[in-house]
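Student: sequence and computational prediction follow.
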Amino acid sequence: MRVIVVGGGVVGTMHAWQAVQRGHEVAQIEREAEARGASLRNFGQIWVSGRTGGEELGTALRARELWERIGAEVPGLGFRANGSLTPVRTDREYAVAEAALARPDAAARGYKLVTAEEARQINPALRGAFEAALWCERDAAVEPRTAQLHLREALKATGRYTFLPGREVREVVAPGAVRDDHGDVHRGDAVVLATGAWLSGLVRELVPDLPVRRVRLQMMQTAPLGEALTTSVADADSFRYYPAYRSPALDALNAGQDQEPVAAAHKMQLLMVQRQDGGLTIGDTHEYEHPFAFDTLEDPYEHLTGVVEGFLGRPLPKITRRWAGVYAQCTDTTRVVHRQQVADGVWLVTGPGGRGMTCSPAVAETTANELGW
């Protein structure tokens with residue numbers, strides 16, 4: 001079988017991985033010289049802790065298994081089973097963490113409520129003030145800026161994979177065949193459009209009423225911390241954002257403890273991961289209304305700096321990069337992904353939202369199974 005994958009981000013690359021692993025030939029087409037969208041502009045978190053139950057959690061847990069397996073084959077991914085800590089500072093925040101432990105799937109997530117001292121034993125860099133922390137053992141991380149590069153090198157080594165950059169697919173010309181903006185036609189037994197947040201052009205022509213929206217976020221990265229941040233770190237505002245934490249305790253938190261004004265205005269949470277070079281990737285904000293602003297704003301960065309310094313108990317290293325990114329999210333946010341046959345031999349896979357990095361291996365596996373690869 002020959003598979004054409006359109007899109008060089010992590011979802012597209014994982015579809016290529018699944019096809020090659022199953023013995024097929026793959027051509028992967030990317031409109032840029034390299035993927036540069038949400039697949040790179042993220043935390044690199046394999047984030048199980050906040051996923052809602054049912055299909056979403058099952059997908060995340062399966063993806064966590066696959067990431068670990070692929071990481072063993074491709075060490076350059078930088079896979080590490082680092083877990084996460086969410087420090088809490090108030091009684092209301094503690095109650096939400098406590099309610100998470102009562103979930104029937106708490107053990108599958110590796111939840112444990114630890115004291116501040118126990119949290120510092122797990123992550124000694126957290127020297128700031130907090131009362132306790134929610135530990136999630138199943139969370140993990142990879143290096144988002146280089147993951148696709150290393151995956152592609154491993155794919156090329158099989159002799160059954162070709163990467164075609166700088167080509168935008170413009171037209172479906174026959175079953176399993178697409179034409180790019182160079183005029184070249186690419187034919188296969190199946191075409192997967194994994195175009196991420198690029199929802200215009202061919203995607204709009206094929207699915208004008210696509211139930212997917214775009215979300216913009218801001219993030220930043222620092223110089224090396226100078227010590228190991230042994231886990232990913234979130235703050236209690238993440239409880240408000242992730243559906244796994246919905247409970248009467250969360251209702252009480254939302255009713256009785258307001259977010260900081262800047263955090264509320266920008267729909268913020270803290271997520272923080274250390275990169276292999278020692279720097280910290282920190283974010284994020286959420287913007288849903290189009291058209292998106294073209295500039296980045298300083299107030300969210302200042303807010304995040306204050307939150308991080310409070311947890312670390314020390315000044316943040318110099319900020320070396322700031323950026324904005326856009327990802328695609330199903331308008332029905334309970335759906336893990338939008339997967340649809342859009343023409344003979346052509347399928348669109350998009351809309352994983354902030355779950356793309358986490359869930360991409362399992363999303364691709366499901367596509368491969370459903371298409372009979």
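Tutor: Great, that's in hand.
Student: now the helices for the stretch 1-150 of the chain?
Tutor: 10-21, 55-73, 91-101, 106-109, 116-122, 147-156 (DSSP state H, counting those that start in this stretch).
Student: so of those, which one's packed in deepest?
Tutor: A comparison of those by mean neighbour count, using mean count of other CB atoms under 10 Å, puts helix 10-21 on top with a mean of 27. Any C-beta I mention is one placed from the backbone N, CA and C, and that applies to glycine too.
Student: counting by contacts, list what it packs against.
Tutor: In terms of contacts (3 or more CB pairs under 8 Å, 6 or more residues apart in numbering; DSSP states H and E), helix 10-21 is packed against strand 2-6, strand 25-30, helix 147-156, strand 346-350, helix 356-370.
Student: what segments of the stretch 151-300 of the chain are strands?
Tutor: Along the stretch 151-300 of the chain, the stretches classed as strands by DSSP state E, counting those that start in this stretch are 161-165, 169-174, 177-180, 185-187, 190-193, 212-222, 232-234, 271-274, 280-283.
Student: which one of these lies closest to Gly351?
Tutor: Gly351 lies closest, by CB to CB, to one member of those: strand 212-222, at 4.1 Å.
Student: just the helices and strands packed on helix 10-21: most buried one?
Tutor: Most buried among the helices and strands packed on helix 10-21, counting by mean count of other CB under 10 Å: strand 2-6, with a mean of 25.
Student: any idea how far it is from the chain center?
Tutor: 23 Å (CA atoms, centre = their mean, to the nearest Å).
Student: any low-confidence regions in the chain?
Tutor: Filtered on pLDDT under 70, the chain yields no residues whatsoever.
Student: centroid residue for it?
Tutor: Met357 (3.4 Å; CA atoms, centre = their mean).
Student: pretty sure it sits against Gly44.
Tutor: Yes - using CB atoms under 8 Å, Met357 is in contact with Gly44, at 6.4 Å.
Student: which neighbours do the two have in common?
Tutor: Residues touching both Met357 and Gly44 (CB atoms under 8 Å, 6 or more residues apart in numbering) are 142, 144.
Student: hang on, the earlier thing: can you say which of the helices of the stretch 1-150 of the chain is nearest to Leu270?
Tutor: helix 91-101 (12.7 Å).
Student: now the closest one: how far from the chain's centre is it?
Tutor: Chain-centre distance of helix 91-101: 25 Å, with CA atoms, centre = their mean.
Student: what's it packed up against?
Tutor: Secondary-structure packing of helix 91-101 (3+ CB pairs under 8 Å, 6+ apart): strand 84-88, strand 111-115, strand 132-136, helix 237-241, helix 248-256.
Student: so what touches the first one?
Tutor: By that I understand strand 84-88. Residues from elsewhere that reach strand 84-88, judged by CB under 8 Å, 6+ apart: 45, 47, 49, 94, 96-97, 114, 116, 119, 122-123, 126, 128, 130-136, 139, 231-236, 238-239, 311.
Student: now the buried members of these.
Tutor: 45, 47, 49, 94, 96-97, 114, 116, 119, 122-123, 126, 128, 130, 132-136, 139, 231-236, 238-239, 311 (16 or more other CB atoms under 10 Å).
Student: so Ala368 touches Gly23, yeah?
Tutor: No - using CB under 8 Å, Ala368 is not in contact with Gly23; the gap is 11.4 Å.
Student: could you find the closest non-adjacent residue to Cys330?
Tutor: Distances taken as CB to CB, 6 or more residues apart in numbering put Gly351 closest to Cys330, at 4.0 Å, once the chain neighbours are dropped.
Student: residues in contact with the one you found?
Tutor: Contact partners of Gly351, counting by CB under 8 Å, 6+ apart, are 211-212, 328-330, 335, 337-338.
Student: list just the nearest of these to Ala244.
Tutor: The nearest member of these to Ala244, counting by CB to CB, is Arg335 at 16.0 Å.
Student: skipping its backbone neighbours, what lies nearest that closest one in space?
Tutor: Nearest to Arg335 is Gly351, by CB to CB, 6+ apart, at 7.2 Å.
Student: for Val308, same thing?
Tutor: Leu316 (5.5 Å).
Student: ok, Ala19 next?
Tutor: Counting by CB to CB, 6+ apart, Ala19 lies nearest to Val3, which is 4.3 Å off, once chain neighbours are set aside.
Student: any figure for the gap between that neighbour and Pro211?
Tutor: For Val3, the distance to Pro211 equals 25 Å [CB to CB, to the nearest Å].
Student: ok but Val326 is inside a helix, no?
Tutor: No - read with DSSP: H, G, I helix; E, B strand; the rest coil, Val326 is strand and lies in no helix.
Student: wait, doesn't it sit right on Val212?
Tutor: No - contact between Val326 and Val212 fails when scored by CB under 8 Å: they sit 12.0 Å apart.
Student: quick revisit: tabulate the helices of the stretch 1-150 of the chain in CSV, adding columns for distance to Met268.
Tutor: Below are these laid out as CSV (distance: least, CB to CB, whole Å):
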stretch, distance to Met268
helix 10-21, 24
helix 55-73, 22
helix 91-101, 15
helix 106-109, 23
helix 116-122, 22
helix 147-156, 25
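Student: out of those, which gets nearest to Asp258?
Tutor: For Asp258, the closest of these is helix 91-101, at 10.9 Å, according to CB to CB.
Student: nice, that's everything, thank you.
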